[in-house]
Each structure stands twice: as structure tokens, then as C-alpha cells.
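Asker: Show me how the following folds:
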Amino acid sequence: MNKCDQCIVRQLSSLKALNKEEVVKLANSKTTHKIKKGEAIFEEGEVTNGVFCVKDGIGKLSKLSANGKDQIVKLVKSGELLGQRSMISNEPANLSAKAIADMEVCFIPKSEIIHFFNNNNQFSMNLMQSVCEDLKDSENDKIALVQKTVKQRLAETLLHLHDAFGENADKTLKVQLTREELAGMIGTATESCIRLLSDFNKLELIELTGKKIVLKNVKALKKLAEQL
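Answerer: Take a look at the predicted model:
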């Protein structure tokens, strides 16, 4: 059994629809890359000519705003594919992908993905569903910006970081974002984000240890996030 067949990306993504022969073809065509924290997997505007499988580590998809700030659109972890939409639409990457912790990614050339797309109906269906899910998440984020307060969005984001990426042995969130990055995710100014984190700390919803964050009262954070 080759490593691609055992890989978490194949188990959790559209690649799970590939048969044994296609998995062997995939294994022979892919290249593996080690990405250090802070390094780019690809940049906005770049033609990727394929997709990237996140085998290990955590990365961010971000968009450069008009004022030059790097705004996080989504965080990614092992088991996810990057660059699907750009490849299908035959356009340059609309977002940048960078490592926020050391990563290991595999690159699969576009020619191989298109071959699977044209010859494996279940794979093409899975791939399209994945792209649709990303669009749905994007729409939900836009709705949240309109319907929820900044305080609710911060509580929701902290819970997402905890549930999706876990915590370290000392209970701090495994994903460490700068205050500017966190502010960008919830759609507010950095100063407002810092002030809200301080308020959450005083209310004992969280505990701030330098740049690290511990969720102290998950139940109260959930109640705040879901408040009407």
C-alpha cells in the first residue's frame, strides 16, 4: 500500500473517490514540499497549475486589502486541498496561502487532477461539492459580518480555533494569531480586538498569557456567540 493511499488528505478530501490505479498514478505524479512557518505555498495572482494537499501543519488563506493589510479568509489544516477553485476556473489564485506553523504539503499537477475529473464521476462530484462548501462558508462569513456584533464574532472565532485546531498541553490555543490577524478575521480594527480580548479576560471568559489565549469558559462563549 503506497503512502498516498494511507494519507489523511485522501481519507478526508475529494481524493477518497480515487481507485487503486488512480492512487498509484497520483503517487507517481505528486511532489512533497516542506513549508516553514511564515513561508508562502502560493501567492495571490500566481498561476498554480495544480492543487496542494495539506499533509501536516496549519496554514492561512488570505487576501491583501486595499490598504495593504493581509486579511485572513480561512485557516487550513491537514486533510484539506488548496487551489481547487482557481484550477477549475482556469484563473490565477485569488488568495495567498502561507504557513502559520511548519507544514508539509504535496503538489498534484493540474493535468492529473483534470484526468481524474474527466474519468471519475465521483471524484468530479466530490471536487465540485468541496468548492460549493467553500462558497457557502464565504457567504456565511459575509452574513455574520452584517448580523452579528464584533463581540459575537470574536467569541465565535475563538471557539472555531479551539474546536477545529485544538489546544496545547498548557490549554492555550494551538493556533497563535497576531492581534492584527485576529482582528482581520472578525472584521474590526486591531485596537478594538485588543480591547475586546481584555474585556473577555476580565470577565474570565478567556485567559491571556502573553500572545497566547486560553478559553476558560467555553459554555459562556457559546452563549455569547449564539445570542440573538
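
Asker: Apart from its neighbours in sequence, what residue is nearest Met103?
Answerer: Leaving aside its sequence neighbours, Met103 sits nearest to Gly57 (CB to CB, 6 or more residues apart in numbering; 3.1 Å). C-betas here are computed from N, CA, C, even on glycine.

Asker: mind listing what the one you found touches?
Answerer: 35, 77-78, 99, 101-105 (CB atoms under 8 Å, 6 or more residues apart in numbering).

Asker: Turn those into JSON lines, columns for distance to Leu158, secondary structure and neighbour count.
Answerer: Formatted as JSON lines, those follow (distance: CB to CB, whole Å; DSSP: H, G, I helix; E, B strand; the rest coil; neighbours: other CB atoms under 10 Å):
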{"residue": "Ile35", "distance to Leu158": "26", "secondary structure": "strand", "neighbour count": "21"}
{"residue": "Lys77", "distance to Leu158": "17", "secondary structure": "coil", "neighbour count": "19"}
{"residue": "Ser78", "distance to Leu158": "21", "secondary structure": "coil", "neighbour count": "18"}
{"residue": "Ala99", "distance to Leu158": "22", "secondary structure": "strand", "neighbour count": "22"}
{"residue": "Ala101", "distance to Leu158": "18", "secondary structure": "coil", "neighbour count": "17"}
{"residue": "Asp102", "distance to Leu158": "23", "secondary structure": "coil", "neighbour count": "14"}
{"residue": "Met103", "distance to Leu158": "23", "secondary structure": "strand", "neighbour count": "25"}
{"residue": "Glu104", "distance to Leu158": "27", "secondary structure": "strand", "neighbour count": "15"}
{"residue": "Val105", "distance to Leu158": "27", "secondary structure": "strand", "neighbour count": "28"}
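
Asker: and which of those is nearest Val146?
Answerer: Of all the contacts of Gly57, Lys77 has the smallest distance to Val146: 27.7 Å, by CB to CB.

Asker: Contacts only, for the closest residue to that closest one other than its chain neighbours.
Answerer: In space, and not counting its chain neighbours, Lys77 is closest to Ile58: 5.3 Å by CB to CB, 6+ apart. Residues near Ile58 by CB under 8 Å, 6+ apart: 75-77, 99-101, 103, 165, 174-175.

Asker: returning to what we had before: please determine how far the residue nearest to Met103 is located from Ala97.
Answerer: 12 Å (CB to CB, to the nearest Å).

Asker: quick one on the thing from earlier: now the residue nearest to Lys77: phi and psi?
Answerer: Reported as degrees, to the nearest 10, the phi and psi values for Ile58 are phi -130, psi 140.
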